[in-house]
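Participant: Here is my input, please return the structure:
(2 chains)
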2 protein chains.
Amino acid sequence: MRRKGLASMAVQTVATAKNVDLGPAAALSCRECGERFPLGPIFACELCFGPLEIAYDLPVGDPEALRKRIEAGPANIWRYAPLLPVPADVADKPNLNPGWTQLVRADNLARELGAEPGKLFVKDDSGNPTHSFKDRVVAQAIEAARAFGFTTLSCSSTGNLAGAVGAAAARAGFRSCVFIPHDLEQGKVVMAAVYGDDLVGIEGNYDDVNRFCSELIGDPLGEGWGFVNVNLRPYYAEGSKTLAYEICEQLGWELPDQLVIPIASGSQLTKIDKGLQELVRLGLVEDKPYKIFGAQAEGCSPVSAAFKAGHDVVRPQKPDTIAKSLAIGNPADGPYVLDIARRTGGAVEDVDDERVVEAIKLLARTEGIFAETAGGVTVGVTKKLFEAGVLDPSLTTVVLNTGDGLKTLDAVAPTTGPTATIRPSLDAFRDAGLA
Amino acid sequence: MRRKGLASMAVQTVATAKNVDLGPAAALSCRECGERFPLGPIFACELCFGPLEIAYDLPVGDPEALRKRIEAGPANIWRYAPLLPVPADVADKPNLNPGWTQLVRADNLARELGAEPGKLFVKDDSGNPTHSFKDRVVAQAIEAARAFGFTTLSCSSTGNLAGAVGAAAARAGFRSCVFIPHDLEQGKVVMAAVYGDDLVGIEGNYDDVNRFCSELIGDPLGEGWGFVNVNLRPYYAEGSKTLAYEICEQLGWELPDQLVIPIASGSQLTKIDKGLQELVRLGLVEDKPYKIFGAQAEGCSPVSAAFKAGHDVVRPQKPDTIAKSLAIGNPADGPYVLDIARRTGGAVEDVDDERVVEAIKLLARTEGIFAETAGGVTVGVTKKLFEAGVLDPSLTTVVLNTGDGLKTLDAVAPTTGPTATIRPSLDAFRDAGLA
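Facilitator: The predicted structure follows:
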């Protein structure tokens, strides 16, 4: 059950590249059986079909030197190049250079939620180049694609990822060919198509698009193609670690006490946990307990349902929520998320779409941050967890906003408009009672 | 003629605040007659109705110490607090903290335009919190509003400014009341209204909205209101200087040789020039000649027309262009723009809407930057000026992108879409000829 998603995909022939320089990345390692493989464009274990992840030779031993090196680095994710699967000179290559987004001290929001001002923060990833956290993961995939000699970048997507891949490929000099369901909203199609390379509408839903990509990857037609979230997934996924690094550095090299993170595939949450553990191991932060909370929309809450039922496995759901970017009914990393939430003393919770919209507006009117629906889910769950006394209001809490409200205007449009419409006269304004 | 726009506005009673701490800002000074006034919420000279701007006591004398102080500052505009009309502790106050956006080395675009790779850069201000350069100017206005005791922030706007004011007011704890034409596109209304304070639709066009605001500012109804682009304009406008500071610092504390800047009111261009001059005066960059080029849309090109005709004054036009954020038919700073373009050996040029759309797509497919129509105007003019041999391809050239393509999707939507739509099968994909 746990590896159903991966086992059902064809395991690609191991096409490892010799002399691959991806910095501290030493090998691929199976998350289930621990078997190691040389770095290459593979994503599932040959022995047990478990998911592969990067094993590192990290620069342990001199935390002070490492910290100084990081702090002297650029104001983007490449300040953490020594901890990522990228070559040391990555900052000199053409890349969108995402990251180092703001950690906003959210005192106004804290007051509304009953948290202690000064203790609540929003990590606002809408500040990335294409305005979602996807820029972080695609940036890693680009470096892996360069190392493996791929010339075309691809993915299946319903929105944020398509734009992130199109933009990054344009800057980095790759061809891109992105697959989307043919009936996406026009706005999302425009955002994905404007970067000028191939965008292919697939007659079917997102599952059909994914199935098609899995076929393409095993076919000669797909030779030389890097699918950022399939055969480059082990590299791609590591980009989420940079959220953990930035949060701790921005807190003054301290672990937060509580994190609230949205769950789509669950990969982001697991990699943030991995990033926090690495900082402890490297001596960059002092070890202390932290709790990780996962956030889902009620209309796609397979992990939350499993958490509440005390299950170790995740029963797939058919998504029905306005939070499209989180609408993965069978999340590959769901079981790992359950492990982490339980191990750290956190939880997984969900909110309905009405509360998602309320939470988007709450964040906008308190902190001036206009989040997409995924951010509404996270803030909505945060509110619910404070109300339930599950989150401790006196502890340092970081809430993730992973995307931009401009991409999901439809969610708030029906209930957001002018306070009044008046003639251009002082009398009319006086009558409106707004002065 | 030169001061028509300002002279026609009511000059507000001087309501100077005692003990105003706006850092190095020493006084207001008339750009026409040089008369000085104490810092206050005024914008026009009592003697000659000329526009007022900030006069500074700048920290001259120890450029090395100043440079170090700046470099140790935060990754936002407040690193330049010693050069801005803000208190020294501004970075500790709730603020959107815009700026320090990417200066993108645009080698792909350079190749397309015939410029020397390594010499062409795009300053991408879509990375600001509400994704336009307006966050820079509103951030200054907020500090002035705090200093003068205003509790409500206001403006007239057709888009970017409304969102910037709404968001900044929310974060900083001001009430906002923003005025827009009643028939704006729904998307723009949502972006402006989501921050939750008052948004008032005015039955009329943008000129009617402006006229209404001018009445309100002189009426008791508007008491305690800071209009960011009217009675706080001298402070607000200074925010554009930070573009000059960042460009030079990001070039390694060097002046660029050529800058291409869009023109709406013309304020941004004049303040960038002011910022460059200040850096020279402070010894932060070595003095050398630089040329400033202004960019307009053909459908609203009063400054370009005056430049080409050799006039000193600007004849107002009725705007008709897709570049709405530049559609000011009677630009207040037009004559100053003409002065600067001529003094520096630059030029003012315009492009038609078709070229604007082409330029948006050119920037997207070469550098992965999705610009709003204003960015299309600037890149389109840059292309035209390289083609005409007016811009020197061997010199360091910086092109400004002031806003985000997500806000003007309509401009590219009719001509941007999937390359193909196919059934989810390898055969169909093979037939499409995209592999």
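
Participant: Any residues of the stretch 201-350 of chain A in contact with chain B? List them.
Facilitator: Residues of the stretch 201-350 of chain A found near chain B (Cβ under 8 Å from any Cβ of the partner chain) are A:201-204, A:208-209, A:211-212, A:215-216, A:219, A:221-222. Placement of C-beta: from N, CA and C, glycine included.

Participant: Ranking by neighbours, what's the top pick from these?
Facilitator: A:I202 (27 neighbours; other Cβ atoms under 10 Å in any protein chain shown).

Participant: Would you mind listing the buried residues in stretch A:163-174?
Facilitator: For stretch A:163-174, a neighbour-count test (16 or more other Cβ atoms under 10 Å in any protein chain shown) marks A:G163, A:A164, A:V165, A:G166, A:A167, A:A168, A:A169, A:A170, A:R171, A:A172, A:F174 as buried.

Participant: which ones among the residues you listed come in contact with chain B?
Facilitator: For chain B, the contacts drawn from the buried residues of stretch A:163-174 by Cβ under 8 Å from any Cβ are A:G163, A:G166, A:A167, A:A168, A:A169, A:A170, A:R171.

Participant: any idea how far the last one is from B:N108?
Facilitator: Right, the one you point to is A:R171. Shown here: A:R171 relative to B:N108, a distance of 7 Å by Cβ to Cβ, to the nearest Å.

Participant: okay, and the common contacts of these two?
Facilitator: A:P94, B:E367 (Cβ atoms under 8 Å, 6 or more residues apart in numbering or on different chains).

Participant: returning to that earlier point: now render the ones next to chain B among the buried residues of stretch A:163-174 as a markdown table, adding secondary structure and pLDDT.
Facilitator: Output for those, formatted as a markdown table (DSSP: H, G, I helix; E, B strand; the rest coil; pLDDT from 0 to 100):
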| residue | secondary structure | pLDDT |
| --- | --- | --- |
| A:G163 | helix | 95 |
| A:G166 | helix | 97 |
| A:A167 | helix | 98 |
| A:A168 | helix | 98 |
| A:A169 | helix | 98 |
| A:A170 | helix | 97 |
| A:R171 | helix | 97 |
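
Participant: Tell me the residues on the stretch 51-200 of chain A that lie near chain B, please.
Facilitator: So far as Cβ under 8 Å from any Cβ goes, the stretch 51-200 of chain A lies against chain B at A:75, A:94, A:96-97, A:100, A:102, A:104-105, A:107-108, A:124, A:127, A:129-131, A:163, A:166-171, A:173, A:177, A:180, A:182, A:186-187, A:189-191, A:193-200.

Participant: Validate this expectation: A:V399 resides in a helix.
Facilitator: No: assessed with DSSP: H, G, I helix; E, B strand; the rest coil, A:V399 is strand; it does not lie in a helix.

Participant: partner residues bridging it?
Facilitator: A:V399 has these beta-bridge partners by DSSP bridges: A:V122, A:V260.

Participant: Make sure it is actually in contact with A:K119.
Facilitator: No: contact between A:V399 and A:K119 fails when scored by Cβ atoms under 8 Å: they sit 11.5 Å apart.

Participant: and these two? which has more neighbours close in?
Facilitator: Between A:V399 and A:K119, counted using other Cβ under 10 Å, the more crowded position is A:V399 (30 against 20).

Participant: mind checking how far that one is from A:P87?
Facilitator: Shown here: A:V399 relative to A:P87, a distance of 33 Å by Cβ to Cβ.

Participant: same check, this time on A:G196
Facilitator: Counting by Cβ to Cβ, the separation of A:G196 from A:P87 is 27 Å.

Participant: repeat for A:N210
Facilitator: Here A:N210 is placed at a distance of 30 Å from A:P87 (Cβ to Cβ).

Participant: do A:Y245 as well
Facilitator: For A:Y245, the distance to A:P87 equals 18 Å [Cβ to Cβ].

Participant: Compare neighbour counts for the two and give me the winner.
Facilitator: Just comparing A:Y245 and A:P87: by other Cβ under 10 Å the higher neighbour count belongs to A:Y245, 24 against 18.

Participant: Relative to the whole chain's centre, how far out is whichever strand or helix holds that one?
Facilitator: Using DSSP states H and E, the element containing A:Y245 is helix A:241-250. Taking Cα atoms, centre = their mean, to the nearest Å, one finds the center of helix A:241-250 at 13 Å from the center of the full chain.

Participant: same check, this time on stretch A:278-294
Facilitator: Put simply, stretch A:278-294 sits 19 Å off its chain's centre (Cα atoms, centre = their mean).

Participant: repeat for stretch A:381-392
Facilitator: 22 Å.

Participant: Can you get me the start-to-end distance on that stretch?
Facilitator: With Cα to Cα, to the nearest Å as the measure, stretch A:381-392 spans 14 Å from end to end.

Participant: average model confidence for it?
Facilitator: Here stretch A:381-392 scores 98 as its mean pLDDT.

Participant: close to chain B, is that stretch?
Facilitator: No: in terms of Cβ under 8 Å from any Cβ, no part of stretch A:381-392 sits within range of chain B; the closest distance is 15.8 Å.

Participant: roughly how far apart are the nearest residue to A:R211 once chain neighbours are set aside and A:I328?
Facilitator: What sits nearest to A:R211 in space, not counting adjacent residues and going by Cβ to Cβ, 6 or more residues apart in numbering or on different chains, is B:P424, at 6.6 Å. Using Cβ to Cβ, B:P424 is found at 19 Å from A:I328.

Participant: Which of the residues in stretch A:334-346 are classified as buried?
Facilitator: Neighbour counts over stretch A:334-346 (16+ other Cβ under 10 Å) mark A:G334, A:P335, A:Y336, A:V337, A:L338, A:I340, A:A341, A:T344, A:G346 as buried.

Participant: what does stretch A:35-43 give?
Facilitator: Using 16+ other Cβ under 10 Å as the test for burial, stretch A:35-43 gives A:F37, A:L39, A:G40, A:P41, A:I42, A:F43.

Participant: Tabulate the CA atom coordinates of that stretch in PDB.
Facilitator: Taking C-alpha atoms only, stretch A:35-43 is exported to PDB below (Å, rounded to 0.1, in the frame of the first residue of the first chain):
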ATOM      1  CA  GLU A  35      20.000   0.100  -0.900                       C
ATOM      2  CA  ARG A  36      22.300   2.700  -2.500                       C
ATOM      3  CA  PHE A  37      22.600   3.500  -6.200                       C
ATOM      4  CA  PRO A  38      24.900   5.800  -8.100                       C
ATOM      5  CA  LEU A  39      23.500   9.300  -8.900                       C
ATOM      6  CA  GLY A  40      21.300   9.100 -12.000                       C
ATOM      7  CA  PRO A  41      17.900   9.900 -13.400                       C
ATOM      8  CA  ILE A  42      16.100   7.200 -11.500                       C
ATOM      9  CA  PHE A  43      13.500   7.400  -8.800                       C
END
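
Participant: can you give me the offset of it from its chain's centre?
Facilitator: Taking Cα atoms, centre = their mean, the mean C-alpha location of stretch A:35-43 is offset from the chain mean by 23 Å.

Participant: all strands for chain A, in order.
Facilitator: Ranges of strands in chain A, per DSSP state E, are A:25-30, A:36-37, A:52-56, A:103-105, A:120-124, A:152-156, A:175-181, A:198-202, A:225-227, A:258-262, A:291-297, A:347-351, A:397-401, A:420-422.
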